[in-house]
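Peer 1: Give me the fold of what follows.
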Amino acid sequence: MRRTTSDIRRANRLDVLRRIYAAGSASRQDIARRSELSFATIANVVNDLLGAGVIVEDHFVGSGSGRPRAVLTPNGVRGLLVGVDVAETYVHAELFDLALRRLHAGEHPIGPETRRPAEIAERIARAIDALLAEHGAARERVLGVGVSVPGQVAPQLGVSVFAPGWDWHDVPMLALLQERIGLPLYLDNPLMAGTVAELWSGAGREAGNLVCVTVGTGVGAGVVIGGSLYRGTTDAAGEWGHSVLVYGGRACRCGSRGCVEAYVGAPGIMETLRELDPGSELLCGGDQTACVQALADSPDAGPVITRTAGLLGAALAGLVNIINPETVVLSSWVARSLGPRLLPELRESVAAHALDRAMGAVHIVLSDIPGNAVSLGAATFALEGFLDAVISPGRRT
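Peer 2: Prediction:
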């Protein structure tokens with residue numbers, strides 16, 4: 001689809017604002033040095049952002065013989081944002097100021113009997129109510145709420161296209177939430193939310209081309225190209241975990257065989273352990289979380305770590321060759337637990353399979369976001385949506 005003038009202005013606005021957030025503070029001249037935008041474009045964008053109250057001229061610094069330069073910072077007191085991470089077992093809600101600083105958090109369990117869309121929407125609404133009440137936050141100060149739900153999502157339609165854990169198909173989730181919450185809402189999924197969190201606030205904040213690889217029960221790859229999140233033609237980009245790593249290999253929950261996820265997601269890592277040591281105590285009776293943590297702590301886990309790092313590295317090499325990113329970030333709970341042990345052999349495996357030119361440009365790192373990256377990313381979507389509403393009225397993303 002050809003980009004409109006409005007699309008270009010929005011991209012420029014987010015590029016400038018992201019650079020201010022990433023640095024914590026920056027002058028117009030600092031932004032110009034780091035960006036490909038012209039100084040005139042930057043000046044116009046900054047004026048829009050100042051007018052919206054999203055940033056402020058915090059102080060001035062000298063510049064030799066020239067005029068003092070205004071230092072721009074996010075305006076944290078402008079309002080509040082809410083980010084909600086919904087999974088099959090919990091609703092995790094967090095409150096942020098407009099500088100994306102965490103103010104409060106709350107988590108509420110979801111039992112296996114709770115799976116109907118209306119029930120989940122009600123749980124989300126209650127979690128938001130509790131979050132605001134516990135912090136003593138006035139509802140009218142909330143500028144937007146970002147909600148991440150599992151599976152495939154069409155954000156512009158507000159639809160949960162497919163959530164396999166709940167067997168949802170084409171659920172109008174945004175409409176269900178709007179009935180209950182009454183605040184500006186933005187719907188997406190964990191992969192996209194986590195990727196945006198890395199782009200704005202995490203290990204990818206200095207990158208224009210970024211891959212955020214989530215390694216948890218499932219596996220995915222969020223892609224940023226030229227500073228913009230890549231969604232694909234039907235908002236289905238990122239399902240890298242269901243690309244084939246081993247032809248005719250292990251059965252995958254998607255119905256195919258040999259998928260990346262079947263080898264490097266938590267169940268796949270456990271299967272590798274069973275193949276290497278069928279009676280291992282590290283299997284922890286089939287408990288995924290306990291098993292992954294046991295592997296992270298055990299000196300006997302070396303063979304599993306080596307095989308998993310080799311497989312994940314071979315799969316990552318394809319992404320490195322195709323996308324040629326500056327940064328690959330490993331995130332989600334398996335990466336947090338096993339990442340320190342996986343990373344050295346993982347980098348070796350990527351180097352062995354990727355082309356030299358692409359490999360020489362990429363940094364492979366672990367996520368450095370403290371806390372829940374998905375809630376942070378969901379709140380970031382709410383921030384982007386607020387900007388669209390106040391600077392480009394009528395646009396909805």
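Peer 1: quick one: the strands in the stretch 151-300 of the chain?
Peer 2: 152-154, 159-163, 168-171, 185-188, 210-215, 219-225, 228-230 (DSSP state E, counting those that start in this stretch).
Peer 1: Quick one, which of the ones you listed gets closest to Gly146.
Peer 2: strand 185-188 (4.7 Å; C-beta to C-beta). Backbone N, C-alpha and C define where each C-beta goes, glycine included.
Peer 1: Only alpha carbons, please: show that closest one as PDB.
Peer 2: Output of strand 185-188 as PDB, limited to C-alpha atoms (Å, rounded to 0.1, in the frame of the first residue of the first chain):
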ATOM      1  CA  LEU A 185      -8.600   1.800  23.600                       C
ATOM      2  CA  TYR A 186      -5.900   0.200  21.400                       C
ATOM      3  CA  LEU A 187      -5.800  -3.600  20.800                       C
ATOM      4  CA  ASP A 188      -2.800  -5.600  19.700                       C
END
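Peer 1: residues in contact with it?
Peer 2: 144-149, 153, 155, 158-160, 173-174, 177-178, 377-378, 381-382, 384-385, 397 (C-beta atoms under 8 Å, 6 or more residues apart in numbering).
Peer 1: mean confidence for it?
Peer 2: The pLDDT scores in strand 185-188 average 98.
Peer 1: likewise stretch 160-179?
Peer 2: Mean predicted confidence for stretch 160-179 is 95.
Peer 1: what's the first-to-last distance across it?
Peer 2: Distance between the two ends of stretch 160-179: 16 Å, counting by C-alpha to C-alpha, to the nearest Å.
Peer 1: Repeat that for stretch 21-40.
Peer 2: Distance across stretch 21-40, first residue to last, is 20 Å (C-alpha to C-alpha).
Peer 1: Name the surrounding residues that touch that stretch.
Peer 2: Contacts for stretch 21-40 (C-beta under 8 Å, 6+ apart): 12, 15-16, 19-20, 42-43, 45-46, 58, 61, 63, 69-74, 99-100, 200-201, 205-206.
Peer 1: Equivalent analysis for stretch 347-356, please.
Peer 2: 309-314, 316-318, 320-321, 359, 362, 364.
Peer 1: Endpoints of stretch 344-361, how far apart?
Peer 2: Taking C-alpha to C-alpha, stretch 344-361 runs 17 Å from one end to the other.
Peer 1: follow-up on the earlier one: any idea which of the strands of the stretch 151-300 of the chain gets closest to Val246?
Peer 2: strand 219-225 (13.9 Å).
Peer 1: Measure how the closest one sits relative to strand 210-215, angle-wise.
Peer 2: 170 degrees (axes from the mean of the first three to the mean of the last three C-alpha atoms, to 10 degrees).
Peer 1: Just the C-alphas of strand 219-225, formatted as CSV.
Peer 2: Extracted in CSV, the C-alpha atoms of strand 219-225 (Å, rounded to 0.1, in the frame of the first residue of the first chain):
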residue,chain,number,x,y,z
VAL,A,219,8.1,-18.4,19.6
GLY,A,220,7.8,-15.3,17.4
ALA,A,221,9.8,-12.6,15.7
GLY,A,222,8.6,-9.0,15.7
VAL,A,223,10.3,-6.9,12.9
VAL,A,224,11.1,-3.2,12.8
ILE,A,225,12.3,-1.8,9.5
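Peer 1: Which residue, other than its chain neighbours, is closest to the residue positioned nearest the centre of the chain?
Peer 2: For the chain, the residue whose C-alpha lies nearest the mean C-alpha position (C-alpha atoms, centre = their mean) is Gly194; its distance is 1.1 Å. Counting by C-beta to C-beta, 6 or more residues apart in numbering, Ala373 is the residue found nearest to Gly194 once chain neighbours are left out, at 4.8 Å.
Peer 1: Restricted to helices, list the contacts of stretch 21-40.
Peer 2: Applying DSSP state H to the contacts of stretch 21-40, the entries found in helices are Asn12, Asp15, Val16, Arg19, Ile20, Ile42, Ala43, Val45, Val46, Trp200, Ser201.
Peer 1: Filter the residues you listed down to the buried ones and hand me the PyMOL line.
Peer 2: Those of the ones in helices among the contacts of stretch 21-40 that count as buried under 16 or more other C-beta atoms under 10 Å are selected in PyMOL with:
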select buried, resi 12+15+16+19+20+42+45+46+200+201
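Peer 1: all helices of this protein, in order?
Peer 2: 5-23, 28-34, 39-52, 117-135, 173-181, 190-201, 261-264, 266-276, 288-297, 302-323, 333-353, 356-359, 373-391.
Peer 1: The longest one versus strand 210-215: what angle between them?
Peer 2: In this structure, helix 302-323 runs at an angle of 150 degrees to strand 210-215, with the same axes, to 10 degrees as the basis.
Peer 1: Same question for the last one.
Peer 2: Using the same axes, to 10 degrees, the direction of helix 373-391 lies 140 degrees away from that of strand 210-215.
Peer 1: related to what we said a few turns ago, need the pLDDT of the residue nearest to Gly194.
Peer 2: Looking at Ala373, its pLDDT stands at 97.
Peer 1: Tell me how many other residues surround it.
Peer 2: Using other C-beta atoms under 10 Å, Ala373 has 28 other residues around it.
Peer 1: Also Leu338?
Peer 2: 26.
Peer 1: Not counting sequence-adjacent ones, nearest residue to it?
Peer 2: Nearest non-adjacent residue to Leu338 (C-beta to C-beta, 6+ apart): Ala296, at 5.3 Å.
Peer 1: Paired strands for the lowest-mean-pLDDT helix or strand in the chain, with orientation please.
Peer 2: Here the helix or strand of the chain ranked lowest by mean pLDDT, DSSP states H and E is strand 55-61, holding a mean of 89. Sheet pairing of strand 55-61 (DSSP bridges) gives strand 69-74 (antiparallel).
Peer 1: Put the alpha carbons of the partner strand into PDB.
Peer 2: C-alpha atoms of strand 69-74 as PDB (Å, rounded to 0.1, in the frame of the first residue of the first chain):
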ATOM      1  CA  ARG A  69      19.600  25.200  22.800                       C
ATOM      2  CA  ALA A  70      16.300  24.000  24.300                       C
ATOM      3  CA  VAL A  71      16.500  20.500  25.800                       C
ATOM      4  CA  LEU A  72      13.300  18.500  25.100                       C
ATOM      5  CA  THR A  73      12.000  15.900  27.600                       C
ATOM      6  CA  PRO A  74       8.800  13.800  27.800                       C
END
